[in-house]
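# quick one, fold the following:
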Amino acid sequence: MRIAIITQVFGPTGGGQERWTFAFVQSLVARRHQVHVIVKKLRGSWEHLPITLHQVGVKSRSPFAFADAAQQVARQLACDIVHDMGDGWGGDLLHYHGGPYPLIAEHKLAALPPAARVGKKLLLRCLPSYRLRYSFAAEQIRRHHGIIVPLSRRQADGIRRLYNLPDERIRIVYNGVDVESFCPWLRAEYRKPMRKALKVDEATTVYLLAAFNFRLKGLSALKRAGEILARKGRKFRIIVLGGHLRRRWLHNWLGKEKAWLTFVGSVDDPRPYYAAADVYVHPTWYDSCSLAVLEALACGLPVITTAQNGASELMEDGKDGFVLDDPGDIAELADRMEQLSEEALRREMGEAARATALRHRFEDKVSQILDLYTECHATKRKAA
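The predicted structure is shown next:
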């Protein structure tokens, strides 16, 4: 097939959407499809891929500007399938990774302290930048007449509620993980040198979080849970990857950095950190289907996350980790972290975590998407 991929950012590094899209394009190429990528910004190296890149020179920050320009390019290409990763309109598949902005905004509000929510609601209603995002999300749904692909039941339910969409237009495809690249055997190569670099001995329980939006992904709750463990005299370290917040701003928000709390910043390859960790903790207020959670499961790490994370729908609470109902319940989070300071429980849950990941391989999800391509292509041919 001749396939056009629309995404604002393309490259092997970045957040979940960027890394998933890059891996997806690699898989399409391996399956001998002809791939065109319509993009605004490039990140990292892509030159080794036999694809055709169409970089759209849009100076405006408005999402409308990129969507309009991307649509023009897609029309000229006349591909069999136009696959929009959530940044354009008019494609055959609208593949929400984060989700429509109003859905994300609801959860961002919930993550704020109660006193701050009133002011934030006013900003969402009044500031032009926020109003623009809301109007873009509505226009995106209005213009799109193909299949909408959420990453979880929770995300699908939110989209139905916001836009009153019929079930036949929605196809849920969960994220998948490369179980060869992310595996328990990474520990043999990376665990000792990485823990040495982090100055952590084997008696210390290492909890890991990888995120960009720290507030939304529950870093504040994780820090407060850490304070509870510290008062109990537990020996542990919390390692935080990612984030595009300046360190000074972080300190003002979280307070002085604790000896047991380490910020690493953005990394191109998180695998050495999964190998060094004992538990992955993702107490998020919203995630369509966290790729980091799936990677951690594949590496044999028990995971603590919340029911607000679509990836939790793939887990079994108490078997491959813990699923918290309330992201704001600090006492429960600390209790689950404390339970997983026991090595025997970690080992048992880690084996179950790996088994969960094996049921959600990345290539199987690619095949599901390709089935949707076939469905879309057949519908278009019939209409023609």
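# okay, CA-based contacts and neighbour counts for the rest of this
OK.
# got a pLDDT number for Gly255?
Predicted confidence (pLDDT) for Gly255: 51.
# what residue ranges in this protein score low on pLDDT?
244-257, 384 (pLDDT under 70).
# do a quick rundown of the strands in it.
Applying DSSP state E to the chain gives strands spanning 2-10, 34-42, 52-55, 81-84, 93-95, 147-149, 205-210, 236-241, 261-265, 279-282, 303-306, 321-324.
# save the ones you listed as JSON lines, and put in distance to Ala296 and mean neighbour count too.
Formatted as JSON lines, those follow (distance: least, CA to CA, whole Å; neighbours: other CA atoms under 10 Å):
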{"stretch": "strand 2-10", "distance to Ala296": "23", "mean neighbour count": "24"}
{"stretch": "strand 34-42", "distance to Ala296": "27", "mean neighbour count": "20"}
{"stretch": "strand 52-55", "distance to Ala296": "32", "mean neighbour count": "16"}
{"stretch": "strand 81-84", "distance to Ala296": "27", "mean neighbour count": "24"}
{"stretch": "strand 93-95", "distance to Ala296": "23", "mean neighbour count": "25"}
{"stretch": "strand 147-149", "distance to Ala296": "24", "mean neighbour count": "23"}
{"stretch": "strand 205-210", "distance to Ala296": "9", "mean neighbour count": "25"}
{"stretch": "strand 236-241", "distance to Ala296": "13", "mean neighbour count": "21"}
{"stretch": "strand 261-265", "distance to Ala296": "17", "mean neighbour count": "16"}
{"stretch": "strand 279-282", "distance to Ala296": "6", "mean neighbour count": "28"}
{"stretch": "strand 303-306", "distance to Ala296": "7", "mean neighbour count": "29"}
{"stretch": "strand 321-324", "distance to Ala296": "11", "mean neighbour count": "24"}
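# would you list the ones you listed in JSON lines and tack on distance to Lys192?
Shown next, in JSON lines, are the strands of the chain (distance: least, CA to CA, whole Å):
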{"stretch": "strand 2-10", "distance to Lys192": "33"}
{"stretch": "strand 34-42", "distance to Lys192": "34"}
{"stretch": "strand 52-55", "distance to Lys192": "41"}
{"stretch": "strand 81-84", "distance to Lys192": "42"}
{"stretch": "strand 93-95", "distance to Lys192": "39"}
{"stretch": "strand 147-149", "distance to Lys192": "41"}
{"stretch": "strand 205-210", "distance to Lys192": "13"}
{"stretch": "strand 236-241", "distance to Lys192": "15"}
{"stretch": "strand 261-265", "distance to Lys192": "17"}
{"stretch": "strand 279-282", "distance to Lys192": "16"}
{"stretch": "strand 303-306", "distance to Lys192": "21"}
{"stretch": "strand 321-324", "distance to Lys192": "24"}
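# of those strands, which approaches Asp364 most closely?
Asp364 sits nearest to strand 147-149 of all the strands of the chain, at 15.5 Å, using CA to CA.
# what helices or strands is the closest one leaning on?
Where contact means 3 or more CA pairs under 8 Å, 6 or more residues apart in numbering; DSSP states H and E, strand 147-149 is packed against strand 93-95.
# parallel or antiparallel, list what pairs with the strand it packs on.
Using DSSP bridges, the strands paired with strand 93-95 in its sheet are strand 81-84 (parallel), strand 147-149 (parallel).
# any chance of the ones you listed in a markdown table, with distance to Gln155 too?
Converted to a markdown table, those look like this (distance: least, CA to CA, whole Å):
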| stretch | distance to Gln155 |
| --- | --- |
| strand 81-84 | 17 |
| strand 147-149 | 10 |
